[in-house]
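*Asks:* Here is the input, now give the coordinates:
(2 chains)
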Amino acid sequence: MTVYLWTSHVKHIVLSRMQVVMKIIKHYQEEGQGSEVVQGVLLGLVVEDRLEITNCFPFPQHTEDDADFDEVQYQMEMMRSLRHVNIDHLHVGWYQSTFYGSFVSRALLDSQFSYQHAIEESVVLIYDPIKTAQGSLSLKAYRLTPKLMEICKEKDFSTEGLKKASVGYENMFEEVPIVIRNSHLINVLLWELEDKSTVADKHELLNLSSGSHLEKCLQMLMDRVDEMSQDIVKYNNYSRSLSKQQQQKHQYVQRRQQENAQRQSRGEPPLPEEDLTKLFKPPQAPPRMDSLLIAGQINTYCQTVKEFTSQNLGKLFMAEALQGQGS
Amino acid sequence: MSRFFATGSDSESEESSSAEEITPKATGTAFNKNLLLSDDEEDTKRVVRSAKDKRFEELTNLIKTIRNAMKIRDMAKCLEEFEQLCRAFLKSKAIVDKEGVPPFYIRLLADLEDYLNQLWEDKEGKKKMNKNNAKALSSLRQKIRKYNRDFETEIANYKENPEQSAEEEEEKEEAESGSYSESEDDGEGVTAKSFMKKKPAAEPAPEASKFLKGAADDESESDDDDDDEIWGSDSTDSGSESEDNEGNAASLALAFLKKLRRSKRKERAEEEAEEEGLEQEGGEWEKVKGGVPLVKEKPKMFAKGTEINIPVVVKKLNEILQARGKKGTDRAAQIELLHALAAISEENNLGQGIMVKIKFNIIASLYDYNPNLATFMKPDMWKKCLDCIDELLDILFENSNIFIGENIAEDSESLAVSDQPFRVRGCILTLVERMDEEFTKIMQNTDPHSQEYVDNLKDEGRVCNIIDRLLQYLENKGSTEEVCRVYLRRIMHTYYKFDYKTHRRCMGIQGESKSEQDQEESEGEDSAIIMDRLCKFIYAKDRTDRIRTCAILCHIYHHALHSRWYQARDLMLMSHLQDNIQHADPPVQILYNRTMVQLGICAFRQGMIKDAHNALLDIQSSGRAKELLGQGLLMRNMQERNAEQEKIEKRRQVPFHMHINLELLECVYLVSAMLLEIPYMAAHEFDARRRMISKQFHHQLRVGERQPLLGPPESMREHVVAASKAMKMGDWRTCHSFIINEKMNSKVWDLFPEAQRVREMLVRKIQEESLRTYLFTYSSVYDSISMETLAEMFQLELPTVHSIISKMIINEELMASLDQPTQTVVMHRTEPTSLQNMALQLAEKLGGLVENNERVFDLKQGVYGSYFNRDQKGGYQQKQGYQRDQKGGYQQKQGYRGGYRSQNQSSY
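*Replies:* Residues are numbered from 1 along each chain as shown, chains lettered A, B, ... in the order given. Now for the predicted structure:
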């Protein structure tokens, strides 16, 4: 299947062939456990305003033993090999699994930036295995907004910079809609499978036990909130010291002015201007990117929880109705 | 007058000036002169003179050493001595003010400075000098420069006519050679005098006249008799005997004169000594001022044929005692001598009075044998001491007519055998107390794991015996204060011993077992009764706070040791010791700590887990239990304290046989903590802000968790941790097997006198607390649970289970109700689920987040525009404020410009 992505010029992603999705899922199933994350490379090509992802291959799992493993080397090798067998070998992004929707991190930002910097149309596919296990395939494509790209290029993560670029947690990433397109043969197969599958197979979707998932989400949300609080406190301290210094600076300038005025009245030359920045070194501004990322992550969690609860509520109402009928 | 001197003496010869010097005095103190010639007057004169001469002697001595040091180029020594000299000079300021600065002082200052400058110039020599000396040289140079500024004129004068002072010096040297050999005292007197004589010669110098003026003033006022006398005597001496005194020779002659007089006096003293009939001992005593030990050969106690009676013996005794504390006195020989004296007095039947007195002194000198307070007595000395005290007590018991007391004055003693009772100075109580301390010291200094310790410990019986006897004696004769003190000693030897006999009787066991000896030992009344009697006496009679405090603590300790928990607790609470113990001295605090620990252990034995925990918490939580109980020093502190402190701390240690087993203490603490903490943890699992009951217990748990591999428990702590883990699951059987097993029995539980009872109590507690933990942990799983099942699970009787559950329900720890007919507990499920708990926590955290965020906004006010568009209005206002600021700034600028312009205008 093909995945189409809409981007600046790529409007949507087409995952052509089931193969890509299946490969990602298989990769996680085989190697990822719990909170461990699996990653891989997406291959494909841009067609008009679509990004078609036609193939992918996983990154091998790192262990401590092979520290000198060269990822780039591996990628190049892999792509060359693919080319030999005449498969699409254009690098268009990467994919990553996620644990309860926690993927907004500095690492992701950095690598996505470097991808997008090199290949403009590249995207990151986020695969949520847990949601998938509950019966709904969760696959999302993200890319950095141009604004964020700009900031990342300048490496200006100060308050000012972010303000100027007016980047909030809402517009750091943009999601690109995904379309999964299968060949007709596969579609036929799917229909056939659906026909054959019993009702019990679909019960997964109607599972009412939601406690543990929600708990997990809440826990992680809580952790992030804690981090956020810390960050805010840090920022608070910073701005307090900054304002204090500003005041001192102001006082100093005034005093200097008064003195100069006095000196002038006495006919003496004014005191030489001194470099104020040398006298008052501004305190180190805490980087704001982290808190932005945390905010973004919190947002994602909230979305997840919202989605999940609304689904569950629906299910509960359904169950209630069914029970009422039954009794 | 000074004017007269200053001008007159310039032209006159020295002789005449000295003659003149005498004349005014002669008129003032004419009658004095005659008196001075008499013998007794001479004595007083000697005493009186010392005021000034002593100072000058000190100065000259120091100067001499400095000159010596200068000769051998010992700068360090020079510096040291110079500093001393300055101090001495300062001290004698009163005299100097009166007499003027002595020229020998000035001379030294000048010479020293020259000498130093010379050394300073000598680069080669300086290089050769060692570091110490070089350093001393530079600092001395600086010092003397500074110092000499005060004497500038004097030094200048001295430098102007050094030949005269040189002469002076020469003469002084002579005088010294004459006088120093005999005694410093005399020599000093002469030098001081000689310089006085010289004064007129050095007349041209203004300071000399000044000095003279001072002297003359004194004379005219005649407020200072000493001076007058000195001068008077000098003049008479020189006048009468040495007519040929001319110029510089005068002082030399004077010196000889002095010497003569001295030796004469000495002869007289010797004669007197002989007269005393005591074989010159006394005389010798006076002459040899310490140094040679007085009694070298012991056999020569009394001369043959001397009639030995009480005064003679007393005199001899005093004589021996006088050597006490002197350097070089052979202490062992002294003890021997005293023993010999005792033997002699016994031989001659001088009566018990003198015997007691000698005995007192023997014991005292035995204690004196060790000059150092830290070292302990040697075994033989200790044995001797015990024997002596025993004998002394024997005498005292046999002769009820002996009064002893500290406040009997030496001269009001009556030692002779007569109808009147003996009165002897001395305090037996102090001696016994000292003996007790010595015993403690011996025990502290013996290796507790050696046979020696056991041997030493056997003396404890004797010590107790002596104290008992003294107690009997003082009960009849002593004052209440003394009785209190001796009672406290007795208590101190009783409180820590477990009374097996009574215990056995209480238990109703009449067995013949290994504690037979113990039974014999603690014959007489129960120690509890003794303690009660003694302590109550002290409570009633004691006036010093310390003895009462100690008695209370010992009493509590004793109660606690014998499991009389309520009495012990009540006494502790009534005494209010907890409030002010921190003001007590360290030994009392150690006793307090020991008592608290014993109290806690007692509570544990009685099954009062909470009380036990509270009592032990303070000691155990500090992690310095060993130190707090005085049972050893912590290595950790080694660097922090110096040797002195360490010595003091060592002296505070409790002897080994009184120690409280630290492992037992820790185990009791940890087990009580476990019994309290585990149910508490289970009850407050989701409480975000739960507090720990026992930090140390948590620490142990964490240590246990951190272990990579959990083997079967080895140490006591591991056992408790393993038991705690089992208890968390409500598995009382495993918990029980961890707490009570072979290992733990041998390590801990068998140390209790009633080990079996304690173990039973523990099992019971474990069952109960496990039940509680189980209910806390798993109540959410059950809709209802039958009490019978619970009773079976935890091997408890139904009523107990019922009561425990009821208590939990009443305390709102368990949301449930009891269903009587079916004997079941019905859960209510009002506890929030974990998800709800989490949601609550999250809400709380979010609250904090919002608060923090608002603080950021507060700060931003007026500084920046709004960054978050959420707070539109506020941001707008802020912006306005910002603009206003700008505007203000602009106006200001304008104003400035205006000012500038006007300035420009004015300048043009």
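
*Asks:* okay, and for the stretch 151-300 of chain A, where does confidence drop off?
*Replies:* Across the stretch 151-300 of chain A, the stretches falling below the confidence threshold (pLDDT under 70) are A:156, A:199-210, A:274-278.

*Asks:* Excluding sequence neighbours, find me the nearest residue to B:Thr494.
*Replies:* B:Ser527 (5.4 Å; Cβ to Cβ, 6 or more residues apart in numbering or on different chains). To be clear about C-beta, it is placed using only N, CA and C from the backbone, and glycine gets the same treatment.

*Asks:* Next, give phi and psi for that neighbour.
*Replies:* Main-chain dihedrals, B:Ser527, degrees, to the nearest 10: phi -60, psi -30.

*Asks:* what's it in contact with, if anything?
*Replies:* By Cβ atoms under 8 Å, 6 or more residues apart in numbering or on different chains, the contact set of B:Ser527 is B:494, B:497, B:499, B:502, B:558.

*Asks:* Tell me, what's the model's pLDDT at the nearest residue to the second one once chain neighbours are set aside?
*Replies:* Computed as Cβ to Cβ, 6+ apart, the closest residue to B:Lys497 that is not its neighbour in sequence is B:Ser527, at 6.6 Å. B:Ser527 is assigned a predicted lDDT (pLDDT) of 80.

*Asks:* same question, B:Pro587
*Replies:* Value for B:Pro587, per-residue pLDDT: 86.

*Asks:* in whatever helix or strand it lives in, what counts as buried?
*Replies:* For B:Pro587, the enclosing helix or strand under DSSP states H and E is helix B:586-605. Burial within helix B:586-605, assessed by neighbour count using 16 or more other Cβ atoms under 10 Å in any protein chain shown, is assigned to B:588-605.

*Asks:* name the helices or strands packed onto it?
*Replies:* The criterion is 3 or more Cβ pairs under 8 Å, 6 or more residues apart in numbering or on different chains; DSSP states H and E, and the helices and strands that helix B:586-605 contacts are helix B:545-561, helix B:565-575, helix B:609-621, helix B:625-628, helix B:643-652, helix B:662-683, helix B:755-778.

*Asks:* where along the chain do the strands fall?
*Replies:* No chain in the question, so chain A it is. If DSSP state E is used as the criterion, the strands of chain A fall at A:2-6, A:11-16, A:39-47, A:50-58, A:91-97, A:123-127, A:139-144, A:173-176, A:178-181.

*Asks:* Let me rephrase: I mean chain B.
*Replies:* Residue ranges of the strands in chain B, as given by DSSP E, are B:402-405, B:422-425, B:784-786, B:816-819, B:824-827.

*Asks:* quick one, which of the strands of chain A is nearest to chain B?
*Replies:* Proximity to chain B (Cβ to the nearest Cβ) singles out strand A:173-176 among the strands of chain A, at 19.7 Å.

*Asks:* How far does the closest one sit from its chain's centre?
*Replies:* Taking Cα atoms, centre = their mean, to the nearest Å, one finds the center of strand A:173-176 at 9 Å from the center of the full chain.

*Asks:* Dihedrals phi and psi, A:Ser122?
*Replies:* Reported as degrees, to the nearest 10, the phi and psi values for A:Ser122 are phi -70, psi 150.

*Asks:* what about the stretch 451-600 of chain B, any weak spots by pLDDT?
*Replies:* B:506-525.

*Asks:* list the contacts for the residue of it found nearest chain A?
*Replies:* Distance from chain A to each residue of the stretch 451-600 of chain B (Cβ to the nearest Cβ) is smallest for B:Gln582, at 38.6 Å. The contact partners of B:Gln582, by Cβ under 8 Å, 6+ apart, come to B:Gln589.

*Asks:* And for B:Val825?
*Replies:* Going by Cβ under 8 Å, 6+ apart, the list of residues near B:Val825 reads B:775, B:782, B:784-787, B:790, B:805, B:816-819.

*Asks:* any idea which of these has the most stuff around it?
*Replies:* With neighbours defined as other Cβ atoms under 10 Å in any protein chain shown, the most crowded of the contacts of B:Val825 is B:Leu775; it has 25 neighbours.

*Asks:* residues touching that one, list them.
*Replies:* Contacts here follow Cβ under 8 Å, 6+ apart; on that basis B:Leu775 touches B:805, B:808, B:814, B:825.

*Asks:* Need the worst-confidence member of these.
*Replies:* Lowest model confidence among the contacts of B:Leu775 falls on B:Leu814, which carries 84.

*Asks:* ok, for that one, nearest residue in space, not its chain neighbours?
*Replies:* B:Leu814 sits nearest to B:Met808 (Cβ to Cβ, 6+ apart), 4.0 Å away.

*Asks:* circling back to that earlier point, and the strands of chain B: which comes nearest A:Asp290?
*Replies:* strand B:824-827 (45.4 Å; Cβ to Cβ).

*Asks:* surely B:Met674 meets B:Phe697?
*Replies:* Yes - applying Cβ atoms under 8 Å, one finds B:Met674 in contact with B:Phe697, separated by 6.5 Å.

*Asks:* Mutual contacts of the two, please.
*Replies:* Contacts common to B:Met674 and B:Phe697, judged by Cβ under 8 Å, 6+ apart, are B:Ser724.

*Asks:* and stretch B:154-162, what's its mean pLDDT?
*Replies:* For stretch B:154-162, the per-residue pLDDT averages 72.

*Asks:* do the same with stretch B:650-660
*Replies:* Within the predicted structure, the mean pLDDT of stretch B:650-660 is 83.

*Asks:* Would you tell me which one of the strands of chain A is buried the most?
*Replies:* Counting by mean count of other Cβ atoms under 10 Å in any protein chain shown, strand A:2-6 has the highest mean neighbour count of these, with a mean of 27.

*Asks:* What separation is there between the residue of the stretch 101-250 of chain B found nearest chain A and B:Trp382?
*Replies:* Of all residues in the stretch 101-250 of chain B, B:Gln142 sits closest to chain A, at 41.7 Å by Cβ to the nearest Cβ. When Cβ to Cβ, to the nearest Å is the yardstick, B:Gln142 and B:Trp382 sit 57 Å from each other.

*Asks:* and what of B:Val856?
*Replies:* Relative to B:Trp382, and taking Cβ to Cβ, B:Val856 is found at 77 Å.

*Asks:* ok now stretch A:165-179, how far from the chain's centre?
*Replies:* Put simply, stretch A:165-179 sits 9 Å off its chain's centre (Cα atoms, centre = their mean).
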